[in-house]
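> Here is a sequence together with a model predicted from it:
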Amino acid sequence: MLNGSGIKIFSGTSHPELAEIIARRIGLPLSKAEITKSGIGESNVTITESVREHDVYIITTGCGAVNTALMELCIMIHACKIASAKRITAVIPLFPYARQDKKDKSRAPITAKLVANMIQKSGCDHVITMDLHASQIQGFFDVPLFAEPSAILYIRTHFNVDDVVIVSPDAGGAKRATSIADRLGVEFALFHKERKKANEVSRMVLVGNVKDKIAILVDDMADTCGTLCLAARHLTEAGAVKVYGFVTHGILSGNALETVEASSLEKLIVTNTLPQQANQAKCKKIEVIDIGKVLGEVIRRSHYGESVSKLFHEVPY
């Protein structure tokens, strides 16, 4: 717990519930800022208390009106910078535009890098984020965190590990799946998938054995959930006793909730990097894990200059 000396925690409008959880975790109230919109849609930010020579943390996430959340963040950073804050850290559990991370066709922008530049140019000193979509964009940030310890803790406390097999829904997530499987001492499997176009899978081939096992699909994000639910069906057909999904960022857009509800998934476990109350109300298969205590501990350690590497391997109590 912090004593409040020299630290301020602000929240954007994208996920105030998570900001409250983080603030409670470290024993401080949220600092006050007024965020409004003008008649033409411009974001207006007023920092209503002194931040001079303080260590400032601004909590926002890439959901809902993503562009609005991003502009709020940049304006809040700038406002604190010109108000003489000592250090400014952006806490962004789901980094906006993280999937636009490479030049995959002619004249395609690398928007994730653009967003990182915008945040830096606004006056941000550090960025704390969680489970970036691609490993190459970790180079943009100071503290890229992982939900892997939370996933491992959940699996160990809810399942007999001997009955579990970890599955990646695509080859790109194989490193994540093998890391979790290795730490649990279990087998892993993966799907090779082919896409006709974005968010539409044409064919999936399972590599590995899941017969008579509890299959746990792990991924960084679930958007439309088409791939996840198709993988769950294939796993059931391949002899899996039960199938669960574990994803860090439950975006759950379009008909995702209906797709999950109608799927062979027993549960879809997501973290609260995004607000999930409305999704839980609509779909009984959604279960939420709180990562606020992890982010709160990162803020505490960052403020006191302690190492955060321990949090890559275990969940704080």
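That came through, no problem.

> Give me the below-cutoff pLDDT ranges for the chain.
Along the chain, the parts satisfying pLDDT under 70 run over 1-5, 133-144, 194-202, 317.

> Break it down into its domains, please.
Listed domain ranges for the chain are 7-146+292-312, 148-289 (source: automatic domain parsing).

> I'd like these as JSON lines, with mean neighbour count appended.
The way it works is simple: take the backbone N, C-alpha and C, and place the C-beta from them, glycine included. As requested, these are exported to JSON lines (neighbours: other CB atoms under 10 Å):
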{"stretch": "domain 7-146+292-312", "mean neighbour count": "18"}
{"stretch": "domain 148-289", "mean neighbour count": "18"}
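
> Which stretches in this protein count as helices?
Taking DSSP state H, the helices of the chain run over residues 16-26, 66-82, 111-122, 148-158, 174-184, 226-237, 256-262, 277-282, 292-303.

> Need the ones you listed in TSV (columns: distance to Thr89).
Output for the helices of the chain, formatted as TSV (distance: least, CB to CB, whole Å):
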stretch	distance to Thr89
helix 16-26	12
helix 66-82	9
helix 111-122	11
helix 148-158	21
helix 174-184	25
helix 226-237	32
helix 256-262	32
helix 277-282	27
helix 292-303	7
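
> of all those, which lies closest to Met130?
Met130 sits nearest to helix 292-303 of all the helices of the chain, at 7.7 Å, using CB to CB.

> the inter-axis angle of the closest one versus helix 16-26?
Put simply, helix 292-303 runs at 60 degrees to helix 16-26, going by axes from the mean of the first three to the mean of the last three CA atoms, to 10 degrees.

> so what does helix 292-303 touch, helix or strand wise?
strand 7-11, helix 16-26, strand 55-59, strand 87-92, strand 126-130, strand 143-145 (3 or more CB pairs under 8 Å, 6 or more residues apart in numbering; DSSP states H and E).

> right, and these - which one's nearest Lys242?
strand 126-130 (27.0 Å).

> starting at the chain centroid, how far to that closest one?
Relative to its parent chain, strand 126-130 has a centroid offset of 11 Å by CA atoms, centre = their mean, to the nearest Å.

> ditto for stretch 293-303
Here the centre of stretch 293-303 is set off from its chain's centre by 16 Å, with CA atoms, centre = their mean.

> Contacts for it next, please.
Residues outside stretch 293-303 that contact it (CB atoms under 8 Å, 6 or more residues apart in numbering): 1-2, 6-7, 9, 18, 21-23, 25-26, 55, 57, 59, 89, 91, 93, 126, 128, 130, 143, 145, 149-150, 306-308, 311, 315-316.
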